[in-house]
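> missing the sequence, but the structure's below:
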DNA sequence: CCGGTTTAGTTGAACGCTCAACTACTGGCG
DNA sequence: CGCCAGTAGTTGAGCGTTCAACTAAACCGG
């Protein structure tokens, strides 16, 4: 308290607002496209992706929550919904009676396979096509630094 | 159709996932802090900011929607809520009978003034403190390019 | 000045996320 | 062993966003 606020200078202000516009705009565009073309929000797409990459297409709920950067509550609701569309099913965990294992069904895998090309094309169009290779490299370093910084604090 | 999907190579994959983690993590953290400390989501904070910078603290709904990058519907709902907390009020537009003008009240300005220092500190901690000056510059260029690219397509 | 097209803004339902409270199980320590 | 703090996951209420449908007014060509 009583400590002077370190306000943003005009350059920082400009950077921050550009970042907001870009990241929100990008996510909104991809979310809209995915919803329109595949009937799922981007968050659900990410869940399916992570499951598809896991051994046996199975992951513990907590692990899946960590991988997708979502709260346990959010994941619970999401998996409930994915289960009711038949894309994921929940199983008892053999080693921990509290645990649940999410399993990507064949139907779910097919839905993902159908959604992927359009979505990847969208990521390319909206992100990679707009940047130079050197900017892509800069963006990777910046993002990794930020993500790392966020988890450490 | 029939055109091969240009999948992401491992480097692009890594960049994309880092960007997702960073931007989502950043927005989630700021949103959580703002909600906890000031009782408003980040989207509402942005609305108040834009209004506070406008002449007479007044803006047409559409202009406000454009400035905050939100849909008209979203803004309508948001302003309705802000009005019921007494932070914004709606007035008839003198030059266009279809129009509405949103006006930031003194109470709303005070709420913004109370929220701002903590929020700015958060932006600093989570974003600017983690990056070198040159990275901040890179991020500005990248973001402006992306934002520009999004509106043009 | 009339009729059709745009533009401004609102509305309600469906949906996803957050938060806090809750159940059930585990793991460690006395 | 028995207790108890911590962990896994779920649940329901409340909120914000989206989408599509809607009203009303402005604009524009004939």
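That came in fine, so what should we check first? Keep in mind it's a predicted model, so treat the numbers as computed, not measured.
> switch to C-alpha atoms for all contacts and neighbour counts from now on
OK.
> quick one: contacts of stretch A:84-94?
Taking contacts as CA atoms under 8 Å, 6 or more residues apart in numbering or on different chains, the residues outside stretch A:84-94 that touch it are A:60, A:79, A:82-83, A:99-109, A:111.
> what about 10 Å?
Applying CA atoms under 10 Å, 6 or more residues apart in numbering or on different chains, the contact partners of stretch A:84-94 are A:47-48, A:51, A:57-61, A:78-83, A:98-112.
> chain center to that stretch, what's the gap?
20 Å (CA atoms, centre = their mean, to the nearest Å).
> do the strand or helix carrying residue A:151 and DNA strand C meet?
Using DSSP states H and E, residue A:151 falls within helix A:133-152. No: Helix A:133-152 lies apart from DNA strand C when judged by CA under 7 Å from any atom of the strand; the minimum separation is 15.0 Å.
> which strands or helices does that helix pack on?
helix B:10-38, helix B:106-126, helix B:133-152 (3 or more CA pairs under 10 Å, 6 or more residues apart in numbering or on different chains; DSSP states H and E).
> what mean pLDDT does the second one get?
For helix B:106-126, the mean pLDDT works out to 98.
> ok, the first one next?
Rounded to a whole number, the mean pLDDT of helix B:10-38 is 97.
> that one and chain A, any residue contact?
Yes: shown here: helix B:10-38 in contact with chain A (CA under 10 Å from any CA of the partner chain) through B:11-29.
> give the other helices and strands that that helix contacts.
Against helix B:10-38 (3+ CA pairs under 10 Å, 6+ apart) you get helix A:10-38, helix A:61-68, helix A:106-126, helix A:133-152, helix B:42-53, helix B:106-126.
> can I get the helices and strands packed on helix A:133-152 in TSV with mean neighbour count and distance to residue A:89?
Output for the helices and strands packed on helix A:133-152, formatted as TSV (neighbours: other CA atoms under 10 Å in any protein chain shown; distance: least, CA to CA, whole Å):
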stretch	mean neighbour count	distance to residue A:89
helix B:10-38	17	25
helix B:106-126	17	37
helix B:133-152	17	37
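> got JSON lines for these, with distance to residue A:140 too?
Conversion of the helices and strands packed on helix A:133-152 to JSON lines gives the following (distance: least, CA to CA, whole Å):
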{"stretch": "helix B:10-38", "distance to residue A:140": "5"}
{"stretch": "helix B:106-126", "distance to residue A:140": "17"}
{"stretch": "helix B:133-152", "distance to residue A:140": "11"}
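> any idea which of those gets closest to DNA strand D?
When the helices and strands packed on helix A:133-152 are compared by CA to the nearest atom of the strand, helix B:10-38 sits nearest DNA strand D, at 8.5 Å.
> and that closest one with helix A:61-68, angle?
100 degrees (axes from the mean of the first three to the mean of the last three CA atoms, to 10 degrees).
> quick revisit: any chance of TSV for the helices and strands packed on helix B:10-38, columns distance to residue B:92?
Shown next, in TSV, are these (distance: least, CA to CA, whole Å):
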stretch	distance to residue B:92
helix A:10-38	29
helix A:61-68	45
helix A:106-126	38
helix A:133-152	44
helix B:42-53	16
helix B:106-126	19
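> nearest to residue B:149, of those helices?
helix A:106-126 (7.2 Å; CA to CA).
> does any part of the closest one sit near chain B?
Yes: Helix A:106-126 reaches chain B (CA under 10 Å from any CA) through A:116, A:117, A:118, A:119, A:120, A:121, A:123, A:124, A:125, A:126.
> cool, thanks, talk later.
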